[in-house]
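A.B. asks: Give the three-dimensional model of this entry:
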Amino acid sequence: MYLILPLVSGMIYTSLRGEFRLPRDKVYLNCAFMAPVSIRVEEAGIAAVRTARDPSFISANDFFDSTRRVRVEFARLINACDWQQISIGPAVSYGMSAAARNIPFAPGDEIIVLHEQFPSHVYPWKRRAKETDAVIVTALPRGDESWDEAILNAFSPRTRAVCVPNVHWTNGTLIDLVALSKRVRKADAYLIVDGTQSVGALPIDVQEIQPDAMVCAGYKWLTGPYGCAISYWSERFNNGVPMEENWLARKGSENFAGLVAYTDEYQPGALRYDSGGSSNFVIMAMLNEALRQISQWQPGKIQEYCARISDDSIAELRAAGFTIPDRAKRASHLFGIQVPERYDHQELATYLKNNHISVAVRGSSIRVAPNVYNDQSDLEILSDAIIAFTSDPAH
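C.D. replies: Residues are numbered from 1 along each chain as shown. Have a look, this model is predicted:
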């Protein structure tokens, strides 16, 4: 019996760097690119690798229990009622392609995406639009318009799907998914969310948001390994066609002796959307441990901690002439520093890298993505380096 229990409250008072093996001489502020795995996640992976020494200890149940544990942990994290509405795949593009495949579009139907949205959440919709003669509509704020306003203004009577993130991957801008969901339901459209840059560091409640599907990469804010993604599906997709015919996703596949008694029926809920090989024992062991630690740290507490360690440095950068959105408009775990156009962004990124500071250039922003292994001094080192670079006449 797998119960989905509520998260336990707590507080992150200080850096959890001791739970990671990050080099002491580097400032890593790039979790939006890839999370470092913690010691406990690393050790879970090593222990799982060792099971391959003697496969006689691996049973048929292990193929299902390994993924079931991950589904239960993820369902708890996002407040989903049923772990069988969670599927596992190799990447966000896989889940998004499955969602796109199972939405019935008519010629002229419209699919809303954001300007400079991450490609894995764009290309599947471009293909589906081409297949069905649907139209891609790109939301982009004009003038003082907010992202939320731009999305709502992109709606038309032909809107069939709204495919957006919760946090814009280039600069951390927040999208109000609860308000957007109400508009989507009123239009009888589909809300498809890329949760990659939010789930794990920002509280997400699918019962409140009511997305039709939400897909998350496992190796960023979920702090798991590369090569996995987790998807939540509403019951609206429960009779859909998966991307592949994975035998583990078929009803009764737990009985290895009866696998050749072929059936057209799938496992319950959204399990049909699992990719082949999704029960990879090493990846599932690492991802399960990563999800357990996120649940212990709590996304809300991670937000509070990231805000606390970055507020002073953000104020210093603003005073020096840099533009950073107000906290009410952005996430605290991911934000963009708008650098004046007279400075070369790539040259600044190289300068920071040479000073052992890891951030990213995304669009027109220097993207900063702290997490629990950082502390206030990391943000101070970053702000001091940026100000030093822009104060040097040579730049």
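
A.B. asks: Leaving aside the residues adjacent along the chain, what's closest to Ser278?
C.D. replies: Excluding the flanking residues, the one nearest Ser278 by C-beta to C-beta, 6 or more residues apart in numbering is Ile88, at 4.2 Å. The way it works is simple: take the backbone N, C-alpha and C, and place the C-beta from them, glycine included.

A.B. asks: Name the helix or strand for the one you found, please.
C.D. replies: Assigned by DSSP states H and E, Ile88 belongs to strand 86-89.

A.B. asks: sorry, back to before: wait, doesn't the residue nearest to Ser278 sit right on Arg272?
C.D. replies: No: using C-beta atoms under 8 Å, Ile88 is not in contact with Arg272; the gap is 11.8 Å.

A.B. asks: State the distance from the residue nearest to Ser278 to Leu287.
C.D. replies: Distance, Ile88 to Leu287, by C-beta to C-beta, to the nearest Å: 8 Å.

A.B. asks: In terms of packing, which of these two has more residues around it?
C.D. replies: Leu287 (31 against 27; other C-beta atoms under 10 Å).

A.B. asks: thought that one was touching Leu222?
C.D. replies: Yes: judged on C-beta under 8 Å, Leu287 makes contact with Leu222 at a distance of 7.3 Å.

A.B. asks: For these two, list the residues in contact with both.
C.D. replies: Ile230 (C-beta atoms under 8 Å, 6 or more residues apart in numbering).

A.B. asks: Any regions of the stretch 251-395 of the chain where pLDDT drops low?
C.D. replies: Along the stretch 251-395 of the chain, the parts satisfying pLDDT under 70 run over 363.

A.B. asks: Scan the chain for its longest helix.
C.D. replies: In the chain, taking DSSP state H as the definition, the longest helix is helix 299-319.

A.B. asks: which residues are in contact with the helix or strand just after that one?
C.D. replies: Using DSSP H and E, the helix or strand that follows helix 299-319 in sequence is strand 335-338. Residues outside strand 335-338 that contact it (C-beta under 8 Å, 6+ apart) are 170-172, 310, 314, 317, 322-325, 330, 362-368, 386.

A.B. asks: do that again at 6 Å, thanks
C.D. replies: Asn171, Gly172, Phe322, Thr323, Ile324, Ser365, Ile366, Arg367, Val368 (C-beta atoms under 6 Å, 6 or more residues apart in numbering).

A.B. asks: Quick check: buried residues in the longest helix of the chain?
C.D. replies: Within helix 299-319, the residues that qualify as buried are 299, 301-303, 305-307, 309-310, 313-314, 316-317, counting by 16 or more other C-beta atoms under 10 Å.

A.B. asks: The residues you listed: which two are farthest apart?
C.D. replies: Maximum pairwise distance among the buried residues of helix 299-319 (C-beta to C-beta): 26.8 Å, between Pro299 and Glu316.

A.B. asks: Helix, strand or coil: sort out the spatially closest residue to Ile337 that is not a sequence neighbour for me.
C.D. replies: Among residues not flanking Ile337 along the chain, Ile366 sits closest, at 4.3 Å (C-beta to C-beta, 6+ apart). Classification of Ile366 using DSSP: H, G, I helix; E, B strand; the rest coil returns strand.

A.B. asks: what about the helices in the protein?
C.D. replies: Assigned by DSSP H, the chain shows helices spanning 39-50, 60-78, 92-101, 123-132, 147-153, 177-186, 206-209, 281-297, 299-319, 345-354, 376-391.

A.B. asks: I'd like the ones you listed written out as JSON lines, with distance to Ser253 added.
C.D. replies: Below are these laid out as JSON lines (distance: least, C-beta to C-beta, whole Å):
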{"stretch": "helix 39-50", "distance to Ser253": "22"}
{"stretch": "helix 60-78", "distance to Ser253": "8"}
{"stretch": "helix 92-101", "distance to Ser253": "19"}
{"stretch": "helix 123-132", "distance to Ser253": "27"}
{"stretch": "helix 147-153", "distance to Ser253": "41"}
{"stretch": "helix 177-186", "distance to Ser253": "34"}
{"stretch": "helix 206-209", "distance to Ser253": "27"}
{"stretch": "helix 281-297", "distance to Ser253": "17"}
{"stretch": "helix 299-319", "distance to Ser253": "34"}
{"stretch": "helix 345-354", "distance to Ser253": "48"}
{"stretch": "helix 376-391", "distance to Ser253": "47"}
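
A.B. asks: closest to Gly252 out of those helices?
C.D. replies: Across the helices of the chain, Gly252 has its closest neighbour in helix 60-78 (11.7 Å, C-beta to C-beta).
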